[in-house]
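K.L.:
Dropping a prediction and its sequence here:
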Amino acid sequence: MFDLSSVDLLDAFTRELTMCRVRPGEHVVVLSEPASRGDYVAAAFGAAKACGAHVISATVPGGSPAPIPSTHTGAGPGLTSVLTDTTAQDLLKSADLVVDLTQEGFIHAPVQQEILRAGTRIVFVCDAPDVLIRNLPQDGDKDRCLQAADLLKRSADMRVTSRAGTDLSVRLEGSRPEFQCGYADDPGRWDHWPSTMVLCWPEISNGRIVLAEGDILLPFKEYVREPVTLEVRDGHIEDVTGGAEAKLLTTFFEDADDQWARSLSHMGWGLMRGADWFATALYGKGDLMGMDARAFAGNFLWSTGPHPVLGRESYAHLDIAMRGCT
């Protein structure tokens, strides 16, 4: 949305890699595909050099073949070119840090877990330049995330309510709390810049979720205009009622033809203090990923589709960000 100079980007990426604890002599791989932003590749490369690291820029073929169904909303296996190329995998496993500038990434692919088990740190970067800079991680962000994750670990249940009518009870046993703090500073850690949030993967939730005007549907990148009521039983959306957005969600679930499309996946809340709830309205849909909405401090974020704890693989993945919840 705003013009930023190459100096601004280099400074931001250098600060980010410093948070990722890049040290002189480490090996950094800047991973991109042909559709990646060239200014990001240059900034990440220059930042790694500024930190004293050895750096390699690796460009691999793009991820999913086109055309893909519209209901495949980012939860698939990711970069096919990496999944099928052991040389590329070995390069990533040999790195201390991978700066992932691809559009698809391979978040849900088993090969990413193999790379992380090798001790590689991965930071995924995919949003507009001023969104990245406005939401640069700060000292203390990780501590806040750890405190929130510990709260989930120590709790048996979570109840979410709102004046709009949401009343959802969630069983937390075995839900494997996790967090994103915006940088990858520990060996074997994946993280996402920008992001500051806590999440978990529960199996059982029951009650009602009511989307109010102004809540955000992702990856549609649309604001709710009329209330939507979703009835949830045992972690599964049984019924959707309301206006235009209710019809949109119902059609998505039906067209996905995916057995897990209506099942709840991760849920948690945002902690990113610099996030702008209205950013989704100020950019073209192709210009941002939507992390302002996902990680907005005080939101309630829940999703549908893939569930690694339960071994559910699904291409039908929605993230829905809500405000005004307790």
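P.N.:
That came through, no problem.

K.L.:
which residues of the stretch 1-150 of the chain score low on pLDDT?
P.N.:
Residue ranges of the stretch 1-150 of the chain with pLDDT under 70: 1-3, 63-68, 74-78, 108.

K.L.:
let's see it at 80
P.N.:
1-4, 63-81, 104-110 (pLDDT under 80).

K.L.:
need the strands for it, in chain order.
P.N.:
27-32, 54-59, 97-100, 121-125 (DSSP state E, counting those that start in this stretch).

K.L.:
out of these, deepest packed?
P.N.:
Highest mean neighbour count of the strands of the stretch 1-150 of the chain: strand 97-100, a mean of 28 (counted as mean count of other CB atoms under 10 Å). No exception for glycine: its C-beta is placed from N, CA and C like everyone else's.

K.L.:
Neighbouring strands - and their directions - for that strand?
P.N.:
Strand 97-100 pairs in its sheet with strand 27-32 (parallel), strand 121-125 (parallel), by DSSP bridges.

K.L.:
helix, strand or coil for residue 286?
P.N.:
Using DSSP: H, G, I helix; E, B strand; the rest coil, the secondary structure recorded for residue 286 is coil.

K.L.:
Give the burial count for it, as a bare number.
P.N.:
8 (other CB atoms under 10 Å).

K.L.:
Residue 42 now?
P.N.:
Quick note: residue 42 (other CB under 10 Å) scores 16 neighbours.

K.L.:
Could you tell me which residues make contact with the residue lying closest to residue 163 once chain neighbours are set aside?
P.N.:
Among residues not flanking residue 163 along the chain, residue 324 sits closest, at 6.3 Å (CB to CB, 6 or more residues apart in numbering). Contacts for residue 324 (CB atoms under 8 Å, 6 or more residues apart in numbering) come out as 162, 163, 164, 212.

K.L.:
isn't residue 234 right up against residue 202?
P.N.:
No. Residue 234 sits out of contact with residue 202 when judged by CB atoms under 8 Å, with a separation of 10.9 Å.
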